[in-house]
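Visitor: A structural model of the following input is requested.
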Amino acid sequence: MNKQTYEKTQFNQIKEKLISYAISSYGKENIRKLQPSSRLDVVQKRLQETAEAKALLMANLHVPFMGLNAIEHLTQQVEKGFILEPGELVNYADFLRSSRLIQNFMQKNQFITPLLAKYSETLQVFPAIEDEIYQTIRNNQVDTDASRELRKIRRGIQECEKEIESKLNSFIRNAQNKPKIQEAIVVKKNDRFTVPIKATYKNQISGTIVEASSKGTTVFVEPTSVTKLNDKLYQLKMEEATEVYQILSTLTGLISEQMVLIQGNLEVVAQYDMIFARAKYSREINGIEPKINQEGVIKFVNVRHTLLGEKAVPLNLTLGDDYRGLTITGPNAGGKTVVLKTVGLISLQTMIGMQITADEGTNISIFDQIFVDIGDQQSLENALSTFSGHMQNISEILTQTKKNSLILLDEIGSGTEPNEGAALAIAIMEAFYQKGSILITTTHYGEIKRYSEQHEDFTTAAMAFDSENLTPKYQLILGETGESNAFWIANKMQLNPNVVQQAQQYLKTREYNTAKKQYVLIQPKDKEPANYPSYEKGDRVFWTEKKQIALVYEETELSNDVIIYLDQEKIKVHKRQLKLESSNKDLYPSNYDLDSLFEDFHERKKRKDLERGSKKAHKKLKKEMLERQLAQNQNKH
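Guide: Numbers count the residues shown, from 1 in each chain. As a prediction, this is how the structure comes out:
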């Protein structure tokens, strides 16, 4: 197997899906590292593991996995010498407890899962560590009764805090202090108990200013009466932290001392996690455990491509018993490549212990190697054509291929001159056959079809095609040969029907129309340009389309369009829609301001005022501009 085999068969996608069912990072990593095995006994064992785990799931029995999510991180912390926090210790205790519960669970259900129960025998149990952690840590903190010293320290803290509270309450109730106090409460600042005092009285209070408010109106004062008590409390807190650290250190040490054995448990539980991920995936796809062999026999009974699910057309195929080579023919869109991918993927899934979507009677061969050449092998980096890419890939496969190998070649010999391509393809097929491989190929070439029909150890298959409706059925029919259905594809792509009919005629007769045809170019007659009158600003015109009188505003450059003014609106129309009523010369004096015809009186006055520099007009204009900006800003918010 190589990287391309995993990619082209979509085996990597299957593993990613499988990883999503694992709980722990250890389990996920096990799946990433899991490789298809070519050993029959290993594959049988993997399939039995999956079947037993699935039997538990189908019986609604759940393995007591606990504390798995963070166990890798916590183990690394312990190995690095870090002290675990209370919550982390509880998580670790959960994992240790889980190992014990899993062992009990598997032993209890060993009549269902004899192999999985055997694995549990290697699990080590640590009830003493579990009990010590659970008794010491309560509510995610070290319990007061965890040690005599801690109990003594915390009792001292309680007594000290009560005394401080009593003295501060007396301070607050003191009539002399009341006017100076901002609020009659005790506030803890920087681990010191304080009283909020009005800033104006800060020098009149006997004590230490610990902090001031952000506005400076309040200061938090530690009265002198509680200073020594606060110091004592701080010291007790330090002693408490030291004792808690010692207790956490001791608990972490208990785990560290057993780390070698715990690591063994991690490996077993991670193995369980991977096995149950396979079982969960099998439950999702309604998988079955196929029969397996190592004789190269492939028997598919209604096998479905795992990733396609119910959308996949069931595949029925037999190979390796009567025949060792299969050549599949049919249209490009008929599903030949899907057949290759399905055979490759189902074989690889089985070899890692996964169940498959199929009917009983399906038999999968365990191969030493599976190689594929599927899809476009063109490489821009290496300047390889599609054909060159295929040849490079097949050359590498041929070098590595051993006897018990499955070879899947898509469109073998394509991408070059058909006669040479077919001859080369047949030679390649013969070379793989001589090495003892099971070979499945797809092709359009008639010569390769004939070779497969004539070879005593090869057979052919066709992808079913509905000739009446011109649609593929995506079904494999063994023992037949199919056409490439180029005409069907051409029709589907809406090629001119006359062209398709001509092609069909050529296929039958091989008689082509090769006569030379003379072509005479006919020069088109130049159209005479239409003569439209010119218009000037202010001309009165009749708009024939709307049957209304309008004024000409201007002609547009390089066209026969005119902009007219009607009902205080400028409209573009073609000259052929206009008829001159009166020219501007007949309507207005020679020095008349024609622009005034197209402006409102107030707008014209405003423009005149601006032109002569009126301060009032400019001030009004500026005011309007500011109002528009204000409106825009309000709309944004």
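Visitor: Quick check: bridge partners of the residue lying closest to residue 394 once chain neighbours are set aside?
Guide: The spatially closest residue to residue 394, leaving aside those adjacent along the chain, is residue 373, at 5.6 Å (Cβ to Cβ, 6 or more residues apart in numbering). For glycine as for every other residue, the C-beta is placed from the backbone atoms N, C-alpha and C. Beta bridges link residue 373 to residue 409, judged by DSSP bridges.
Visitor: So residue 373 sits against residue 391, correct?
Guide: No: using Cβ atoms under 8 Å as the test, residue 373 is too far from residue 391 to be in contact (9.5 Å).
Visitor: higher neighbour count, these two?
Guide: residue 373 (25 against 19; other Cβ atoms under 10 Å).
Visitor: and the more buried one, what does it touch?
Guide: Neighbour list for residue 373: 390, 393-394, 397, 408-410, 412 [criterion: Cβ atoms under 8 Å, 6 or more residues apart in numbering].
Visitor: so what pLDDT did it get?
Guide: With respect to pLDDT, residue 373 scores 90.
Visitor: Give me the distance between it and residue 416.
Guide: Note on residue 373: its distance to residue 416, by Cβ to Cβ, to the nearest Å, is 15 Å.
Visitor: likewise residue 187?
Guide: Residue 187 is 87 Å from residue 416, where distance means Cβ to Cβ.
Visitor: For the nearest residue to residue 229 once chain neighbours are set aside, grab the count of nearby residues.
Guide: Excluding the flanking residues, the one nearest residue 229 by Cβ to Cβ, 6+ apart is residue 164, at 4.8 Å. When neighbours are counted by other Cβ under 10 Å, residue 164 registers 22.
Visitor: isn't residue 164 right up against residue 230?
Guide: Yes: here residue 164 reaches residue 230: they are 6.7 Å apart, a contact under Cβ under 8 Å.
Visitor: Now do the shared contacts for these two.
Guide: The contact lists of residue 164 and residue 230 share residue 193, where a contact means Cβ under 8 Å, 6+ apart.
Visitor: got the phi/psi numbers for residue 452?
Guide: Phi and psi for residue 452, reported as degrees, to the nearest 10, are phi -70, psi -30.
Visitor: State the helix or strand in which the residue lying closest to it once chain neighbours are set aside lies.
Guide: Counting by Cβ to Cβ, 6+ apart, residue 452 lies nearest to residue 327, which is 3.8 Å off, once chain neighbours are set aside. Using DSSP states H and E, residue 327 falls within strand 325-329.
Visitor: and whichever helix or strand comes after that strand, C-alpha only, in PDB?
Guide: The helix or strand immediately downstream of strand 325-329 is helix 336-351, counting by DSSP H and E. Only the C-alpha atoms of helix 336-351 are listed here, as PDB (Å, rounded to 0.1, in the frame of the first residue of the first chain):
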ATOM      1  CA  LYS A 336     -16.800   2.300 -13.600                       C
ATOM      2  CA  THR A 337     -14.400   4.300 -11.300                       C
ATOM      3  CA  VAL A 338     -16.800   4.000  -8.400                       C
ATOM      4  CA  VAL A 339     -16.500   0.200  -8.800                       C
ATOM      5  CA  LEU A 340     -12.700   0.400  -8.500                       C
ATOM      6  CA  LYS A 341     -12.900   2.700  -5.500                       C
ATOM      7  CA  THR A 342     -15.500   0.500  -3.800                       C
ATOM      8  CA  VAL A 343     -13.400  -2.700  -4.200                       C
ATOM      9  CA  GLY A 344     -10.300  -0.900  -2.900                       C
ATOM     10  CA  LEU A 345     -12.000   0.800   0.000                       C
ATOM     11  CA  ILE A 346     -14.000  -2.200   1.200                       C
ATOM     12  CA  SER A 347     -10.800  -4.400   1.100                       C
ATOM     13  CA  LEU A 348      -8.800  -1.800   3.200                       C
ATOM     14  CA  GLN A 349     -11.700  -1.400   5.700                       C
ATOM     15  CA  THR A 350     -11.800  -5.100   6.300                       C
ATOM     16  CA  MET A 351      -8.000  -5.200   6.800                       C
END
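Visitor: Pull out the buried residues from helix 336-351.
Guide: Neighbour counts using 16 or more other Cβ atoms under 10 Å place 336-351 of helix 336-351 among the buried residues.
Visitor: Could you give the secondary structure assignment for residue 579?
Guide: strand (DSSP: H, G, I helix; E, B strand; the rest coil).
Visitor: Per-residue pLDDT of it, please?
Guide: The model reports residue 579 with a pLDDT of 90.
Visitor: Strands of the stretch 351-500 of the chain, start to end?
Guide: Taking DSSP state E, counting those that start in this stretch to define them, one finds strands in the stretch 351-500 of the chain at 363-365, 369-373, 405-409, 438-443, 458-466, 471-478.
Visitor: show me the biggest helix of the protein in terms of residues.
Guide: In the chain, assigned by DSSP state H, the helix with the most residues is helix 224-257.
Visitor: now for that one, which elements pack on it?
Guide: When contacts are defined as 3 or more Cβ pairs under 8 Å, 6 or more residues apart in numbering; DSSP states H and E, helix 224-257 packs onto helix 71-79, helix 86-108, helix 127-136, strand 141-142, helix 148-173, strand 192-198, strand 207-212.
Visitor: Could you tell me the angle between that helix and helix 71-79?
Guide: Angle between the axes of helix 224-257 and helix 71-79 is 100 degrees (criterion: axes from the mean of the first three to the mean of the last three Cα atoms, to 10 degrees).
Visitor: Could you give the number of residues near the residue lying closest to residue 135 once chain neighbours are set aside?
Guide: Distances taken as Cβ to Cβ, 6+ apart put residue 143 closest to residue 135, at 7.3 Å, once the chain neighbours are dropped. Neighbourhood size, residue 143 [other Cβ under 10 Å]: 16.
Visitor: And for residue 286?
Guide: By other Cβ under 10 Å, the residues close to residue 286 number 12.
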